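> sequence first, predicted coordinates after that:
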Amino acid sequence: MSVGAMGVFDRRLLLAVDARGYGSVDTARQRGIQTALPRLLSEAAEAAGLDRASWVRQAAGDSEFAVLPTGSDEQALVEPFMRRLDAGLRAHNRDRVPGARLALRAAVHFGPASEAPSGFAGPGPVEISRILESDPLRRALAAAPDAALAVALTAPVFTELVAQGYTNFRPEEFREVVVEKKEYRGRAWLWVPGYDVHALDLGNPEPGVGSGAGVGASAGAGAGHGPVPGSGGPAAQAAGPAAQTAEPAARAAESAASAAEPAAQTAPAPQAEPVRSGGDSVSTHLYGTVINGNVVFGISK
């Protein structure tokens, strides 16, 4: 088999977890987190039928990054592992005051990862790291005060596993968010056990909001797509004081229209150039009629 300079290409199942608020607690609390975290992860793996001893792990006290062996059970990691991890965290927190409770952020990804001198390299480890540290995932856990776990799935995991019915999760239990962290921009699907994740205030726009189509449709005149009714477009601004008095003059003109008809016929009626629009904005055309030296404007859409 012919391979490139980077060696054999491989996609791996990746897991990353991180404890909330580790840096703000005292030394005794940090030691407690370092003791509890590997125990809870091992118990969840065992309950899901996963061999944690075979994982390549990078631990950092309050966090762990793991690369599972080729062929590992994705379904087991996404559902039974996460459900058991949540149950273990709740049991661990049961008799603790809120400030002493352990809460985790977790992310699951399936993507390219290759061995490197300091662990693993490639797009996969970078993506799961950015999602684990992302604002939407942090905010989801912060917005759910009684939650012990907030999970983010990357696009390959959610769309090919959850959305296709390979777990007992309902797709609507997850909330799609945009993730922007350092150089990374992508999407993730969030799940917070015990909460309606769609009701949580994440403080960021949903996917699609702020896109080109959305901006064009909602910001017509401000985005250079031409004026909308009542916006005072270029033609209306060019009309000056006469446009401001258009309504009174129009009412007065109704009674004098028949008498002024000859004058109107002899005086050329100035017509504003049509203002062309784009997208979904509405064009406003102003037409003028000269009656006895006064300009009367009517508006047509």
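Sure, I can see it.

> OK, contacts around L68?
Listed by CB atoms under 8 Å, 6 or more residues apart in numbering, the contact set of L68 reads 12-15, 50, 54-55, 77. C-beta coordinates here come from the backbone N, C-alpha and C atoms, glycine included.

> so where is this structure shaky, pLDDT-wise?
Filtered on pLDDT under 70, the chain yields the residue ranges 1-8, 204-206, 208-301.

> just to revisit the earlier point, reformat the contacts of L68 as a markdown table; add neighbour count and secondary structure.
A markdown table is the format used below for these (neighbours: other CB atoms under 10 Å; DSSP: H, G, I helix; E, B strand; the rest coil):
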| residue | neighbour count | secondary structure |
| --- | --- | --- |
| R12 | 22 | strand |
| L13 | 25 | strand |
| L14 | 26 | strand |
| L15 | 26 | strand |
| L50 | 24 | coil |
| S54 | 10 | helix |
| W55 | 18 | coil |
| L77 | 24 | helix |
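
> where's L37, which helix or strand?
Taking DSSP states H and E as the criterion, L37 maps to helix 27-47.

> re earlier: can you put the contacts of L68 in a markdown table and add distance to L104?
Output for these, formatted as a markdown table (distance: CB to CB, whole Å):
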| residue | distance to L104 |
| --- | --- |
| R12 | 21 |
| L13 | 18 |
| L14 | 16 |
| L15 | 11 |
| L50 | 17 |
| S54 | 22 |
| W55 | 17 |
| L77 | 15 |
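
> out of those residues, which is nearest to A188?
Distance to A188, by CB to CB, is smallest for L14 among those, at 13.3 Å.

> please determine how far that closest one is located from L40.
19 Å (CB to CB, to the nearest Å).

> only the buried residues of the helix holding L37, if you could.
Residues of helix 27-47 classed as buried by neighbour count (16 or more other CB atoms under 10 Å): 30, 32-33, 36-37, 40-41, 43-45, 47.

> what about the strands in the stretch 51-200 of the chain?
Taking DSSP state E, counting those that start in this stretch, the strands of the stretch 51-200 of the chain run over residues 56-59, 63-67, 104-112, 114-116, 119-121, 149-154, 175-181, 184-191.

> check which residues of the fourth one are buried.
What that stands for is strand 114-116. By 16+ other CB under 10 Å, the buried positions in strand 114-116 come out as S114.

> show me what it pairs with in its sheet, parallel or antiparallel.
strand 119-121 (antiparallel) (DSSP bridges).

> which parts of the partner strand are buried?
Those would be F120, for strand 119-121 by 16+ other CB under 10 Å.

> burial count for D73?
The local packing of D73 (other CB atoms under 10 Å) involves 14 other residues.

> tell me the contacts of it?
48-50.

> please apply the same query to R130.
With contact set as CB under 8 Å, 6+ apart, R130 has these partners: 179, 181-182, 184, 186.

> repeat the analysis, applying 7 Å as the threshold.
If a contact means CB atoms under 7 Å, 6 or more residues apart in numbering, then R130 has 179, 181-182, 184 as its contacts.

> compare these and tell me which is most surrounded.
Result: V179 is most packed of the contacts of R130 (other CB under 10 Å), 23 neighbours.

> ok, it to A91 distance?
From V179 to A91 the distance is 31 Å (CB to CB).

> ditto for D18
20 Å.

> what about the two, which has more around it?
Each of D18 and A91 has its neighbours counted (other CB under 10 Å); D18 has more, 21 against 12.

> using the three-state scheme, assign the more buried one.
Assigned state for D18: strand (three-state reduction, DSSP: H, G, I helix; E, B strand; the rest coil).

> please consider this matter closed, and thank you.
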